[in-house]
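J.: Could you work out the structure for the sequence below:
(one chain, ligands or ions: 2)
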Amino acid sequence: MKKIALVTGATAGFGQAIAIKLAESGYSLIITGRREERLQALKQKLSDNFNTETITLCFDVRNKEAVDKAIDSLNGDWKNIDLLVNNAGLAVGLGPIQEGVIDDWERMIDTNIKGLLYVTRKISPTMVERKKGHIINIGSTAGKDVYLNGNVYCGTKHAVNAISQAMRIDMLPYNIKVTQIRPGLAETEFSIVRFKGDKEKADAAYKNIEPLYANDIAEAVMFVVSRPVSVNINDLEITCTAQANSYYVNK
Ligand code: NDP
Ligand code: 8X3
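T.: Residues are numbered from 1 along each chain as shown. Ligands and ions are numbered 1, 2, ... in the order given. Presented below is the predicted three-dimensional model:
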């Protein structure tokens, strides 16, 4: 059996690019997200281009029962996930704390923190049993810096940073690698989601710079997963050349 990777949020952006690169390098794939038609289209593409065996699991990472049911539906060797990429996530809104929209905060906290935890809680026990596995969490530059009006999004990514470090300690006796990848400004559907479909505002985030693209992060994932068994990349921050950190961007 080929190595098996489960990628959350594979219907767009980083997750989709990561799934394609992993398939190209010979992994069997479990791809997840809420948009079934996109999952089916990606499955077809992976099959056509790389002859990849792919399972699609359509669920919302915020729904613990749905996460459990989806992972429980995996049979036989598909239960033995070698690589989990916790990528599903989002920012919603950008504004000062005193004007914050509680529903936006909850969506970010429930997706970026609780969703990552639900998926990890369901998959990590089998890795522990097998004393084998690799978990990659997609954090952010906003997981160590904060920026104006980014309050709750930055808070969720700080949580991913802390959880990633703690997970690495917990997984240490079981030979399981934990890596955090922390991208900066990257042109995906991220800003369209953040600004609730306002394309003008979304485009402005990348105006006058050459941002990162999804493929840049997929290539970083391939580097991380292709290290020798004895080597782990713990934490990898990647920005476009025009960005120094969360706050300084040369526009
Ligand atoms: P996209 O919006 O392009 O992709 C986000 C993916 O997450 C989609 O596949 C979406 O699938 C999935 N997703 C979102 N919410 C849920 C949910 N509740 N349940 C299941 N899946 C969900 O954004 P990116 O690719 O840019 O973002 C991926 C990750 O990278 C996120 O964690 C983000 O915070 C992080 N990041 C992004 C950066 C950027 O500048 N783009 C920089 C640093 C980090 P669907 O809608 O089908 O459910
Ligand atoms: C996404 C990058 O700078 O928009 O994590 O927060 S940023």
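J.: list the buried ones in stretch 68-76?
T.: Within stretch 68-76, the residues scored as buried using 16 or more other C-beta atoms under 10 Å are 70, 71, 74. (Each C-beta comes from the backbone N, C-alpha and C, glycine too.)
J.: Next up, the contacts around the first one.
T.: If I follow you right, that is residue 70. 32, 57, 58, 59 (C-beta atoms under 8 Å, 6 or more residues apart in numbering).
J.: Nearest to ligand 2 among those?
T.: Nearest to ligand 2 among the contacts of residue 70 is residue 32, at 20.0 Å by C-beta to the nearest ligand atom.
J.: so how many other residues sit close to residue 183?
T.: 25 (other C-beta atoms under 10 Å).
J.: The helix or strand harbouring residue 168 near ligand 1 anywhere?
T.: Here residue 168 sits within helix 151-171, counting by DSSP states H and E. No: applying C-beta under 6 Å from any ligand atom, one finds helix 151-171 separated from ligand 1 by no less than 6.7 Å.
J.: tell me the average confidence for that helix?
T.: For helix 151-171, mean pLDDT is 98.
J.: Ok, stretch 123-131 next?
T.: Averaged across stretch 123-131, the pLDDT comes to 98.
J.: Using PDB, write out the CA atom coordinates for it.
T.: What follows is stretch 123-131, C-alpha atoms only, in PDB (Å, rounded to 0.1, in the frame of the first residue of the first chain):
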ATOM      1  CA  ILE A 123      -6.500  10.500  13.700                       C
ATOM      2  CA  SER A 124      -3.600  10.600  16.100                       C
ATOM      3  CA  PRO A 125      -4.500   7.500  18.200                       C
ATOM      4  CA  THR A 126      -3.900   5.200  15.200                       C
ATOM      5  CA  MET A 127      -0.600   7.000  14.600                       C
ATOM      6  CA  VAL A 128       0.300   6.400  18.200                       C
ATOM      7  CA  GLU A 129      -0.700   2.700  18.000                       C
ATOM      8  CA  ARG A 130       1.400   2.300  14.900                       C
ATOM      9  CA  LYS A 131       4.300   4.400  16.300                       C
END
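J.: In it, which residues are buried?
T.: By 16+ other C-beta under 10 Å, the buried positions in stretch 123-131 come out as 123, 124, 127, 128.
J.: Show me the residues you listed that map onto helices.
T.: Counting by DSSP state H, the part of those found in helices is 123, 124, 127, 128.
J.: Can you pick out the most distant pair from the contacts of residue 70?
T.: 32 and 58 (7.2 Å; C-beta to C-beta).
J.: show me where this structure has strands.
T.: Under the criterion DSSP state E, the chain contains strands at 4-7, 28-33, 54-58, 83-86, 134-138, 177-183, 186-187, 212-213, 235-238.
J.: Kind regards, and thank you for your time.
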